[in-house]
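I'd like to go over a predicted model; first the sequence, then the structure.
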Amino acid sequence: METDEAKGPPETDPRIEGEKHPVARMIGIGLLASLVGIAITLWIDWFPESAAGSAGKIDTLYDVLLICSVPVFVLVMTIAIYSVVRFRAKPGDMGDGAPIHGNTRLEIIWVTIPFIMVTALAIYAWITLDDLEAKQKNEMVVKVTGRQFTWTFEYPSEKLASPELVLPVNRPIEFKIHTKDVLHSFWVPQFRLKSDAVPGLTTTIRLTPDKAGRYEVVCAELCGIGHSTMRQFVRVLPASEFDSWVSRQREAAAGGGGGGGGGKQAAAPNGEQLFASAGCTGCHTLKAAGATAKVGPDLGKLGKVDAKFLQTSIVEPNADVTKGYKPDVMPGNFGTQLSKEEIDALVKYLLESQE
Ligand code: CUA
């Protein structure tokens, strides 16, 4: 019984003997499958619209990688599927396959060709990266700071800090990326470039936004419970609108300390908008704002609180930490990032939003 089933295969497999070698047909099918595969991968719209000068180079690099990958995929799958079908064991055949002693020529081919391909692609990618990282004339530095769970932005040349990222179109930007706590990753899909924010390091990316519009800023590194809410917007504006945004921000910052000395009155800050733009929604629940994050306390259920308590809690988060929450989680610099009017507007909004 046992000896019958364990019978080894004959010296030459009778199923292969006498048949024409199917290499030519396989190459034909493989070429056709590769062409179809390449057409499909190029037809798929992988990326959102592009809004930066570097996007074209990155998209081309991606296309080249796809074009090179498809034939390799087809080659591997053709051989695998062919082998599975062609050399399938007959029902009841429990014998071992014929021993294989290796094939030096094949091994040299399948080491050399992938080595050349991977090296060539690495050189191409290196050259592209080097182009993207080249210093540009007239660069504006924007400091990006990630923290659980919001991004904030500083413009050293304008002496300005903002919870919102606003950029002038067609001006080269050098982003200097930091984190206050854990790893985050600064990503604007329409700009194509993405960089980790690493504790203790400054990482840099350079790009030139070339299309005005509003795009999402995403955190692309799992950074804690509020990671999925760590999303903001970047507004790319024509240069003149950017300049007036800068002066409005400056006025707002100056107005916070000096009282209403200026002639024209800027629109009063809107607490509801600020709640989102300052990043509060990243950590807090507030029914009125549709915010559901649970890093900090529910701000719609604060019980009996007054304006003074709320104001202190925004500016000095560690002064009175709600039971069950840890100190040093909420950023301590809202007092410098928001004007007095903005904080007042937030406080008013919070008081009105109690359930
Ligand atoms: Cu920050 Cu994910």
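Ah, there it is.

ok, Ile38 - contacts?
66-67, 70-71 (CB atoms under 8 Å, 6 or more residues apart in numbering). Yep, even glycine has a C-beta here, placed from its N, CA and C like the rest.

If we use 10 Å, what do you get?
63, 66-71, 74 (CB atoms under 10 Å, 6 or more residues apart in numbering).

same deal with Ser247?
Ser247 neighbours (CB under 10 Å, 6+ apart): 158, 160.

Quick check: phi and psi on it?
phi -70, psi -30 (degrees, to the nearest 10).

How much space separates it from the ligand?
Using CB to the nearest ligand atom, to the nearest Å, Ser247 is found at 31 Å from the ligand.

so where's the stretch 101-250 of the chain shaky on pLDDT?
Of all residues in the stretch 101-250 of the chain, none has pLDDT under 70.

Within range of the ligand, give me the residues from it.
146, 149, 184, 219, 221-223, 227, 230 (CB under 6 Å from any ligand atom).

between these, which has the most around it?
Most neighbours among those, by other CB atoms under 10 Å: His184, with 31 neighbours.

ok, back up a step: is it possible to get CSV of the residues of the stretch 101-250 of the chain next to the ligand that adds distance to Leu346 and secondary structure?
Output for those, formatted as CSV (distance: CB to CB, whole Å; DSSP: H, G, I helix; E, B strand; the rest coil):
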residue, distance to Leu346, secondary structure
Gly146, 22, strand
Phe149, 18, coil
His184, 24, strand
Cys219, 23, strand
Glu221, 28, coil
Leu222, 29, coil
Cys223, 24, coil
His227, 24, helix
Met230, 20, coil
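
Distance to Gln136 for those residues - can I get that in TSV?
Formatted as TSV, these follow (distance: CB to CB, whole Å):
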residue	distance to Gln136
Gly146	24
Phe149	31
His184	25
Cys219	26
Glu221	26
Leu222	32
Cys223	30
His227	32
Met230	28
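
returning to that earlier point: let me know the closest of the contacts of Ile38 to the ligand.
For these, the closest approach to the ligand (CB to the nearest ligand atom) belongs to Leu66, at 27.9 Å.

Roughly how far does Ala254 sit from Glu164?
In this view, Ala254 and Glu164 are 18 Å apart by CB to CB, to the nearest Å.

Who has more neighbours out of these two?
Set Ala254 next to Glu164 and count neighbours by other CB under 10 Å: Glu164 wins out with 18 against 12.

What residues does the more buried one make contact with?
Contacts of Glu164 (CB under 10 Å, 6+ apart): 151-153, 217, 232-235, 245, 249, 276-279.

ok, now Leu310?
Counted by CB under 10 Å, 6+ apart, Leu310 has contacts 299, 302, 343-344, 346-351.

List only buried entries from the residues you listed.
Taking 16 or more other CB atoms under 10 Å as the criterion, what is buried in the contacts of Leu310 is 299, 302, 343-344, 346-347, 349-350.

which one's the longest helix in this protein?
Once the chain is assigned using DSSP state H, the helix that runs over the most residues is helix 55-86.

Give me the mean pLDDT for stretch 63-74.
Summarised as a single mean, pLDDT over stretch 63-74 is 91.

which of the contacts of Ile38 are close to the ligand?
Among those, proximity to the ligand is found for none (CB under 6 Å from any ligand atom).

Please list only the buried members of these.
Of those, these count as buried by 16+ other CB under 10 Å: 66, 68, 70-71, 74.

In these, find the pair that's most separated.
Leu66 and Val74 (12.5 Å; CB to CB).

for the longest helix of the chain, packing partners?
Here helix 55-86 touches helix 23-43, helix 104-133, going by 3 or more CB pairs under 10 Å, 6 or more residues apart in numbering; DSSP states H and E.

among those, which is the most enclosed?
With neighbours defined as mean count of other CB atoms under 10 Å, those peak in mean count at helix 23-43, which reaches a mean of 13.

which residues sit in contact with Ala239?
168-171.

neighbour-wise, which of these leads?
Ranking the contacts of Ala239 using other CB under 10 Å puts Pro168 first, with 20 neighbours.
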